[in-house]
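Colleague: The sequence isn't on hand, but the structure is:
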């Protein structure tokens, strides 16, 4: 779907803050599946957490991402996803070797332009939902910089500028 725009990249690179600014400007946004799953699992004592059962977590992220796509407002001009199906499939494939990326990644498409937040050590922080360190976040980022082009997407690495400038940069890139 041309109107489904992925914002992905390095954990702790400012994706959630960026999506909040897009939302403030009136754009439709979909929050990161992983953060929603972690909040739900922590609230009910679940085990589908990246630091407890990473495979179960990745499988849940795929389910949530598919549900997000199915319920996204088809009438919105742009819908910005904080991560999504490709990221979840890449994680599962990395963990298990299960070949889901090519199948699901080719079946469920997003806008050709994918916006990646690069590693940004100066703003990186852990919290209750992000317990991994910067090195692990960078390794994931490097995987994603290969995964997206392998599926025919064009990567646009976001500059390390203010949130407002990043949003303006994305909108200009999309010719909004």
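Modeller: It's in. Predicted, not measured: the structure shown is a model, and the values here were computed from it. Numbering: from 1, shown residues only.
Colleague: now for the lowest-mean-pLDDT helix or strand in the chain, which elements pack on it?
Modeller: Using mean pLDDT, DSSP states H and E, helix 134-150 stands out as the lowest-scoring helix or strand of the chain, at a mean of 87. Secondary-structure packing of helix 134-150 (3 or more Cβ pairs under 8 Å, 6 or more residues apart in numbering; DSSP states H and E): strand 4-9, helix 85-96, strand 113-117, strand 154-157. The way it works is simple: take the backbone N, C-alpha and C, and place the C-beta from them, glycine included.
Colleague: who does the third one pair up with?
Modeller: Strand 113-117 sits in its sheet next to strand 4-9 (parallel), strand 154-157 (parallel), going by DSSP bridges.
Colleague: and among those strands, the most buried is which?
Modeller: strand 4-9 (a mean of 25; mean count of other Cβ atoms under 10 Å).
Colleague: ok, for residue 105, nearest residue in space, not its chain neighbours?
Modeller: Leaving out its chain neighbours, the residue that sits closest to residue 105 by Cβ to Cβ, 6 or more residues apart in numbering is residue 151, at 4.7 Å.
Colleague: wouldn't residue 79 be in contact with residue 23 here?
Modeller: No. When contacts are counted by Cβ atoms under 8 Å, residue 79 is not listed as touching residue 23 (10.9 Å).
Colleague: Which residues are in contact with each of the two?
Modeller: residue 29 (Cβ atoms under 8 Å, 6 or more residues apart in numbering).
Colleague: which of these two has more neighbours?
Modeller: Shown here are residue 79 and residue 23; by other Cβ atoms under 10 Å, residue 79 has more neighbours (22 against 13).
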